[in-house]
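Q: how would this look folded up:
(one chain, ligands or ions: 1)
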Amino acid sequence: MIFGLMAFSAQAGDVEYGRHLSSECAACHGAAKSDSAIPNIYGLGEAHLADVLKAYRAKALPNEAMQNIAGRLRDDDIAALAAYFATAKKPK
Ligand code: HEC
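A: Model (predicted):
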């Protein structure tokens, strides 16, 4: 048996948890068209997603809606969301 090798890292984002958290994001970002003010976030780089969410949380980026949303996220929520959106396809 090799179960001992299957250690989970608390740092790596949990994609399934990210998918769960992402329903709130999809309300805006899932509906984003190429000509709208809401940027596409599906398929962005994981590190970029995490950096941007932390910047909104720190109010280092200026969008009030994103500041409020990111303000409620813990580090592992951000890691999970970044892991999910990096691999997720935009809903049609
Ligand atoms: C109320 C609508 C709304 C919701 C809900 C929302 N966002 Fe946003 N988001 C925006 C808007 C608008 C921008 C663009 C802000 C700007 O251009 O200043 C943005 C920008 C971003 C960016 C920056 C993209 C880039 O390339 O710079 C990321 C990442 C992001 N949102 C992630 C999320 C995540 C993850 C969630 C869910 C936890 C979420 N958003 C929920 C409206 C929303």
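
Q: sec struct for Tyr42, please.
A: coil (DSSP: H, G, I helix; E, B strand; the rest coil).

Q: that one and Gly18, how far apart?
A: Using Cβ to Cβ, to the nearest Å, we find Tyr42 at a distance of 12 Å from Gly18. Where C-beta positions appear, they are placed from N, C-alpha and C, glycine not excepted.

Q: neighbour count winner among these two?
A: For the pair Tyr42 and Gly18, the greater number of neighbours falls to Gly18 (24 against 18), based on other Cβ atoms under 10 Å.

Q: quick one on the thing from earlier: need the overlap of contacts for Tyr42 and Gly18.
A: Phe85 (Cβ atoms under 8 Å, 6 or more residues apart in numbering).

Q: anything in the longest helix seen in the chain near the ligand?
A: In the chain, ranked by residue count with DSSP state H as the criterion, the top helix is helix 15-29. Yes. Using Cβ under 6 Å from any ligand atom, helix 15-29 comes into contact with the ligand via 24-25, 27-29.

Q: what residues does the protein have near the ligand?
A: Counting by Cβ under 6 Å from any ligand atom, the chain sits next to the ligand at 24-25, 27-29, 37-39, 41, 44, 49, 52-53, 63, 65-66, 69, 81.

Q: narrow those to just the buried residues.
A: Those of the residues of the chain next to the ligand that meet the buried threshold are 25, 28-29, 41, 49, 52-53, 66, 69, 81, by 16 or more other Cβ atoms under 10 Å.

Q: could I get those residues as a markdown table with pLDDT?
A: As requested, those are arranged in a markdown table below (pLDDT from 0 to 100):
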| residue | pLDDT |
| --- | --- |
| Cys25 | 95 |
| Cys28 | 91 |
| His29 | 92 |
| Ile41 | 95 |
| Leu49 | 97 |
| Val52 | 98 |
| Leu53 | 98 |
| Met66 | 97 |
| Ile69 | 97 |
| Leu81 | 98 |
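
Q: that's all I had, so thanks and see you.
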